[in-house]
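Undergrad: quick one, what's the 3D model for this:
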Amino acid sequence: MDPHGQRAAIERRLRSLAVFEAANIPLQAVIWFGVLGLPGSAANLAGFALFVLLLAEGTAYWAAKLRQLRRAVRRLPGLAFFRVVRVVNVPLLAAGLALAGYAVATDPGRASWPGLGFAVFAVLEHVNYFHLQLMHDTVADWRRLRRGGLHRSHLARDLRRTRNRPGRQYIRLPPPA
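TA: Numbers count the residues shown, from 1 in each chain. Got it, this is the predicted structure:
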């Protein structure tokens, strides 16, 4: 594939990741609370809120990654935001897990188990974005996983790469078609 075709393919992939994460927010709300009729209990809503938070952060990351590619800059746009939410997420996730776990322990059922599931999924999404890539949805991902196991996520690499490098840094990419 020529460099221009490769760039276009990467742009399409980044755009689809951002759109898919964003579209999942209302879609999942409709499915779980509308179609399946889950009760809007504190546990379910807290867990779902964490789930939505991480999907929104994922949307922001893939959109920023797309902007980075289009601008041909080394530093991820919005890097400070991602540094902050990586830290802020931890107590929020812990509190949501504790609330949902308590609800399951005291009143197991439709008003608590889904909330715990959402909270656990949010924790896994946090790990997937900020630490280790858990999602493997392409052939290249599966090859890399088989070859070397789990590896640092794209966002973790972006955060690490620019940790000690202030200012704008440019990288060379093929010009747009």
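Undergrad: quick check: longest helix of this structure.
TA: helix 42-71 (DSSP state H).
Undergrad: and the angle from the very next helix or strand once past that helix to helix 42-71?
TA: Next along the chain after helix 42-71, taking DSSP states H and E as the criterion, comes helix 79-106. Orientation check (axes from the mean of the first three to the mean of the last three Cα atoms, to 10 degrees): helix 79-106 against helix 42-71 gives 160 degrees.
Undergrad: other residues contacting the helix or strand just after helix 79-106?
TA: Where DSSP H and E defines the elements, the next helix or strand beyond helix 79-106 is helix 113-130. Helix 113-130 has contacts (Cβ atoms under 8 Å, 6 or more residues apart in numbering) with 32, 38, 41-48, 50-51, 53-55, 57-58, 61, 82, 86, 89-90, 93, 96-97, 99-101, 103-104, 134-135, 153, 155-156, 159. Backbone N, C-alpha and C define where each C-beta goes, glycine included.
Undergrad: for the residue most central in space within the chain, list the residues it contacts.
TA: Residue closest to the average C-alpha location in the chain (Cα atoms, centre = their mean): residue 58, at 3.2 Å. Counting by Cβ under 8 Å, 6+ apart, residue 58 touches 17, 21, 125, 129.
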